[in-house]
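> How does the following fold in three dimensions:
(2 chains)
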Amino acid sequence: GAVVSQHPSRVICKSGTSVKIECRSLDFQATTMFWYRQFPKQSLMLMATSNEGSKATYEQGVEKDKFLINHASLTLSTLTVTSAHPEDSSFYICSADRGAHEQYFGPGTRLTVT
Amino acid sequence: GQQVMQIPQYQHVQEGEDFTTYCNSSTTLSNIQWYKQRPGGHPVFLIQLVKSGEVKKQKRLTFQFGEAKKNSSLHITATQTTDVGTYFCAGPRGSQGNLIFGKGTKLSVKP
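The predicted structure follows:
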């Protein structure tokens, strides 16, 4: 099956610092990857669509300067939360499109900003 | 804008009882997908339905796509404790493969 990894799985950082989260498709190439945010007991909210070799497409209300996305290769996309604040604490999940628009999700990264 | 609604939000059943979650889209969908998220885990792709009126089965799970391609359902027969989790439906939005997710139905199963 399609495997997507995410690193780190958990991170605690101080307010004002930046955190980078990596999303890798391990056994397939993904032209498109997606970044979601999930608050406790809520659904997934799409933050942005990451396309290899081009700029990410951000959803309305998501600050592109705060959530920097880079899709440098067909197997790697990164999300950098810049100048993190406590309200950025959340569960961040990436997914990769293996084709036919089936998305395979990474295990998620739980970010806690103190 | 496009919305995907899912009911019920929560469902508590006794082990062995059946369970159904319903998904409705405000727009016609080219396909609908179902995902399961275990507590503390990440969403896992279950199935994709494409054809109008399509019915697919995976062991005790039965997935249906409505004739108008605007609604779908997931039915679990004789639930087991391993079925516990939140079930999300999702429909495509746009051409990049973006998905819009329903709010999910959280299933708990009492042994």
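> Geometric centre of chain A: which residue is closest?
Note on chain A: the residue nearest the mean C-alpha position is A:W35, at 3.7 Å, using Cα atoms, centre = their mean.
> I'd assumed it was in a strand, is it?
Yes - with the criterion set as DSSP: H, G, I helix; E, B strand; the rest coil, the secondary structure at A:W35 is a strand.
> if I look at it, how far off is chain B?
Summarising the geometry, the distance separating A:W35 from chain B, computed by Cβ to the nearest Cβ, to the nearest Å, is 11 Å. Glycine gets a C-beta too; all of them are placed from N, C-alpha and C.
> Skipping its backbone neighbours, what lies nearest B:W34 in space?
Take B:W34 and drop its neighbours on the chain: the residue closest to it by Cβ to Cβ, 6 or more residues apart in numbering or on different chains is B:L46, 4.4 Å away.
> Quick check: mean pLDDT of the helix or strand harbouring that neighbour?
Under the criterion of DSSP states H and E, B:L46 resides in strand B:43-49. The predicted model gives strand B:43-49 an average pLDDT of 92.
> Tell me the helix or strand right after it.
Of the helices and strands lying after strand B:43-49 in sequence (DSSP H and E), the nearest is strand B:55-58.
> And the average pLDDT for the helix or strand just after that next one is what?
Toward the C-terminus, strand B:55-58 is succeeded by strand B:61-65 as the next helix or strand (DSSP H and E). The average pLDDT within strand B:61-65 is 98.
> Next, the buried residues of the strand holding B:L46.
Using 16 or more other Cβ atoms under 10 Å in any protein chain shown as the burial criterion, the residues of strand B:43-49 that qualify are B:43, B:45-49.
> sorry, back to before: what's near enough to touch the residue nearest to B:W34?
If a contact means Cβ atoms under 8 Å, 6 or more residues apart in numbering or on different chains, then B:L46 has B:33-36, B:58, B:61, B:63, B:74 as its contacts.
> lowest confidence element among the helices and strands of the chain?
Went with chain A since none was named. Per-element confidence for chain A was summarised using mean pLDDT, DSSP states H and E. The lowest value among helices and strands belongs to strand A:103-105, with a mean of 88.
> not quite, I wanted chain B
Evaluated with mean pLDDT, DSSP H and E, the helix-and-strand set of chain B has its lowest mean pLDDT in strand B:99-101, which scores a mean of 89.
> what does that strand rub up against?
Strand B:99-101 is touched from outside by A:34, A:43-44, A:46, A:101, A:103, B:2-4, B:33, B:35, B:88-93, with contacts defined as Cβ under 8 Å, 6+ apart.
> Spatially nearest residue to the most far-flung residue of chain B relative to its centre (excluding sequence neighbours)?
For chain B, the C-alpha lying farthest from the average C-alpha position belongs to B:P111; by Cα atoms, centre = their mean, that distance is 22.6 Å. If you skip the residues right next to it in sequence, B:P111 has B:E15 as its closest partner in space, 5.1 Å away by Cβ to Cβ, 6+ apart.
> OK, contacts around that neighbour?
B:79-81, B:109-111.
> Of the residues you listed, just say which sits nearest to B:G53.
Sorting these by distance to B:G53 puts B:T79 at the head of the list, at 25.5 Å, by Cβ to Cβ.
> Give me the number of neighbouring residues for the closest one.
Counted by other Cβ atoms under 10 Å in any protein chain shown, the residues lying close to B:T79 total 21.
> Filter the contacts of strand B:99-101 down to the buried ones.
Judged by 16+ other Cβ under 10 Å, buried ones among the contacts of strand B:99-101: A:34, A:43-44, A:46, A:101, A:103, B:4, B:33, B:35, B:88-93.
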